[in-house]
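S.K.: build me a model from this:
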Amino acid sequence: MPQVAAFQRLKTKRLELLAGSVDLIRAEITDRDHFARLLEARVHPAWAQELDYQELMGSMAQRLEDAPDETGWWSWYFVLRNRVTGSRVLIGNGGFKGPPDDEGTVELGYSVLPPYRNKGYTTDAVQALVGWAFGHPEVERVIAEARPGNTASVRVLQKAGFNEVGPGLQRNHIRFERTRHDLLS
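M.R.: Residues are numbered from 1 along each chain as shown. As a prediction, the model looks like this:
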């Protein structure tokens, strides 16, 4: 019987989020079949074929090799679970741009494949990631940026309790944040 890989996991009603580890990220880059086995999920044919994405993930794997305690502060994979059939499919990913800075801020990003958008999955994943981040006492603020015309992404952030706080650092983006104080009020 195959042994299930021990990855850090978060569960929502419909999703399982798996924290990117060195092994998982390296498999994603080099061996799609092994990647699918580690996730215990089908990987969509359109999944992350861009060269710059693979370079980014390679850098992330190297970072985690150097600092394994940062697992969870980088990438997470979003796996949709079908509770009736037991089937699983990788539908997106997201995470943070590293551990909290000196002010306790982390930046969140996310992406879901087109066939799975506008079904609430992204909101579920974002809420799970925000909850995970605030489970660490050093985190005071989670920020994210979105283009004003990307109404779906803006709506996800609003549903997840983020507030618009002004222009983003990226050109033509709006910055959103959710603070620990927001959780308490």
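
S.K.: list phi and psi for the residue nearest to residue 91 when sequence neighbours are not counted.
M.R.: Nearest residue to residue 91 in three dimensions, chain neighbours excluded: residue 116, at 4.1 Å (CB to CB, 6 or more residues apart in numbering). (Glycine included, C-beta is placed from N, CA and C.) Residue 116 adopts backbone torsions of phi -110, psi 10, taken as degrees, to the nearest 10.

S.K.: right, and residue 116 touches residue 79 too?
M.R.: No: using CB atoms under 8 Å, residue 116 is not in contact with residue 79, being 11.0 Å away.

S.K.: more neighbours: these two, which one.
M.R.: residue 79 (24 against 17; other CB atoms under 10 Å).

S.K.: who does the helix or strand hosting the more buried one pair with, and is each partner parallel or antiparallel?
M.R.: Taking DSSP states H and E as the definition, one finds residue 79 inside strand 75-81. Paired strands of strand 75-81, with direction, are strand 15-19 (antiparallel), strand 88-96 (antiparallel) (DSSP bridges).

S.K.: the helix or strand just after the longest one packs against which elements?
M.R.: Pointing back at strand 88-96 there. Per DSSP H and E, the first helix or strand lying C-terminal to strand 88-96 is strand 105-112. Applying 3 or more CB pairs under 8 Å, 6 or more residues apart in numbering; DSSP states H and E, we find strand 105-112 packed against strand 88-96, helix 121-134, strand 141-146.
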